[in-house]
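Participant: For reference, the sequence and a predicted model appear below.
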Amino acid sequence: MKLRDLANAVGGEVSGDSGVEVAAVADLSAPVPGALIPVLEESRVAEADAGAGAALLLPPGAPPTAKPALRSANPRLALARIIGLLHPPSPPEAGVDPRAVVSPGARVAHGAAVATYAIIGEGAVVGRGTVIGEGAVVGRRAVIGEETVIHPRVVIYDGSVIGRRVIVHGGAVIGSDGFGYADDGPRRVKIPHVGRVVIEDDVEIGANTTIDRATLGETRIGAGTKIDNLVQIGHNVRIGRDVIIVAQTGISGSVTIGDGAVLAGQVGVVDHVAIGAGAQVLARSMVTKDVPAGAVVSGSPAGPHREALREQAALRRLLHPRGPTAPSRGDP
C-alpha cells in the first residue's frame with residue numbers, strides 16, 4: 001500500500017516520497033525493509049531514520065527526516081488504524097465444525113463459525129458473523145450478537161447476553177455465581193444468583209477475567225468498555241460506557257462506575273461504592289467510599305491524588321528534616 005493511501009485513510013500528512021510502498025508495520029527495535037516504523041517519542045526519530053524501514057509514522061512536531069514520513073496529530077490512533085489495514089485478521093471459515101456440539105434448540109446464524117469442541121447450549125442464539133472458538137461453552141438461552149469473537153475456552157453461563165462486535169479473550173468466564181452467603185450460626189448458606197450478565201456492544205474482555213451474574217436483576221457492562229486480563233467483577237455491578245479497567249482489578253458487588261472512568265492496575269473497590277463519570281483511580285488504590293465525577297484519587301484508602309502527594313511530601317520532610325545528610329570531610 002502506498003504511503004499516501006495510508007495517509008488518506010488515517011487523515012495524516014506525508015513528507016517525502018508519498019509513493020513509497022509500505023507492506024507492514026514493524027517495531028523500531030526490529031525494523032525490516034518495506035515496513036512503516038512508528039516513532040512516538042521524538043528522541044528516537046534519528047535512530048529510526050537511520051534504520052531499515054521504508055517510512056516513519058511521526059507526531060506532527062517531529063524533526064525533518066531523510067525517510068518518507070506520515071505525520072499524524074494522533075499517531076497512536078493512526079497506528080491502530082494502519083495496523084488494521086496492513087495486518088487484517090483472518091477469520092475462520094463460516095460453519096459448524098463437525099466436532100462441535102450444538103443443541104437442537106440452539107440457533108446459529110448463517111455466517112457464524114463454531115470451532116472444534118465448542119458447545120452451544122439449548123435455546124442459545126449466536127449472531128451472524130460471530131466466531132465461537134475451540135472449546136468455548138455457550139450456555140443455555142445465552143444470546144450472542146453479530147460479529148462477536150469468543151476466543152477458545154471461554155465459558156458463558158446460562159442466560160448471559162453479549163452484544164455486537166464484542167471480543168472475549170481466552171479463559172474468561174461470563175455469568176458465574178456471585179460470592180454471596182447468609183450466616184446460619186457458624187455455617188454459610190449460599191445465596192442463589194438468579195440474575196444475569198448483560199454485555200453491551202463493542203466491549204473487550206481480557207483473558208481470564210470473570211464477570212459474575214447478578215443475585216437478582218443484572219450485572220451490566222456498558223458499550224465500548226475495555227477490560228484487561230485478570231479482572232474480577234462482582235454481582236450486580238453496573239459499569240458505564242467507554243470505561244477502562246486495567247489488569248488485576250477487583251470490583252465488589254453492587255458497585256456503580258460512570259461513563260469514561262479509568263481504573264488502573266490492581267485497584268480494589270469495596271461493595272456498594274459509586275465511582276463517578278470520568279473519574280480516575282490510580283494504580284494499587286483501594287476505593288472505600290464514593291468517588292466524585294472527574295476526580296483523580298490514589299492511595300489506600302483512596303483519596304484525592306493531590307492530597308496524597310502533599311502527605312508524601314510532608315512525610316519526607318518529617319523523616320529528613322535537614323535533607324539528605326552530606327558526608328563529613330573524613331569520609332572516603
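Facilitator: Great, that's in hand. Numbers count the residues shown, from 1 in each chain.

Participant: How many residues are close by residue 258?
Facilitator: 21 (other CB atoms under 10 Å). The C-beta positions use only the backbone N, C-alpha and C, and glycine is treated the same way.

Participant: The residue lying closest to it once chain neighbours are set aside and residue 201, how far apart?
Facilitator: Spatial nearest neighbour of residue 258, chain neighbours left out: residue 277 (3.3 Å); criterion: CB to CB, 6 or more residues apart in numbering. Taking CB to CB, to the nearest Å as the measure, residue 277 falls 19 Å from residue 201.

Participant: Flag the helix or strand of this structure with the lowest per-element mean pLDDT.
Facilitator: helix 305-319 (a mean of 78; mean pLDDT, DSSP states H and E).

Participant: Quick one: list the elements packing against it.
Facilitator: Here helix 305-319 touches strand 296-298, going by 3 or more CB pairs under 8 Å, 6 or more residues apart in numbering; DSSP states H and E.

Participant: from the chain's centre, how far out does the strand it packs on sit?
Facilitator: 20 Å (CA atoms, centre = their mean, to the nearest Å).

Participant: by contact count, what packs against it?
Facilitator: Packing partners of strand 296-298 (3+ CB pairs under 8 Å, 6+ apart): strand 280-281, strand 303-304, helix 305-319.

Participant: highest average neighbour count across those?
Facilitator: Neighbour counts (mean count of other CB atoms under 10 Å) averaged over each of these peak at strand 280-281, with a mean of 23.

Participant: So what touches that strand?
Facilitator: 261-264, 267, 269, 275, 287, 291, 295-298, 302 (CB atoms under 8 Å, 6 or more residues apart in numbering).

Participant: What of stretch 33-44?
Facilitator: So stretch 33-44 is contacted by 3, 6, 21-28, 31, 45, 48, 51-59, 61-63, 70, 75-76, 79, 82, 86 (CB under 8 Å, 6+ apart).

Participant: repeat for stretch 73-85
Facilitator: For stretch 73-85, the external contacting residues (CB under 8 Å, 6+ apart) are 1, 6, 9-12, 25, 36, 38, 40, 57-60, 70, 72.

Participant: ok, now with 7 Å
Facilitator: The contact list for stretch 73-85, computed with CB atoms under 7 Å, 6 or more residues apart in numbering, reads 1, 6, 9-10, 12, 25, 36, 38, 40, 57-60, 72.

Participant: which of the residues in that stretch are buried?
Facilitator: Using 16 or more other CB atoms under 10 Å as the test for burial, stretch 73-85 gives 75, 78-79, 81-82.

Participant: just curious, which of those residues is nearest to residue 147?
Facilitator: residue 81 (18.0 Å; CB to CB).

Participant: what helix or strand does that closest one sit in?
Facilitator: According to DSSP states H and E, residue 81 maps onto helix 75-86.

Participant: pLDDT (mean, whole number) over that helix?
Facilitator: The predicted model assigns helix 75-86 a mean pLDDT of 96.

Participant: could you dump it to PDB, C-alpha only?
Facilitator: Extracted C-alpha coordinates of helix 75-86, given in PDB (Å, rounded to 0.1, in the frame of the first residue of the first chain):
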ATOM      1  CA  PRO A  75      -0.100   9.000  15.900                       C
ATOM      2  CA  ARG A  76      -1.300   6.300  18.300                       C
ATOM      3  CA  LEU A  77      -4.800   6.300  16.700                       C
ATOM      4  CA  ALA A  78      -3.200   6.400  13.300                       C
ATOM      5  CA  LEU A  79      -1.100   3.400  14.300                       C
ATOM      6  CA  ALA A  80      -4.100   1.400  15.400                       C
ATOM      7  CA  ARG A  81      -5.900   2.000  12.100                       C
ATOM      8  CA  ILE A  82      -2.800   1.300   9.900                       C
ATOM      9  CA  ILE A  83      -2.100  -2.000  11.700                       C
ATOM     10  CA  GLY A  84      -5.700  -2.900  10.900                       C
ATOM     11  CA  LEU A  85      -5.200  -2.100   7.200                       C
ATOM     12  CA  LEU A  86      -1.900  -3.800   6.800                       C
END
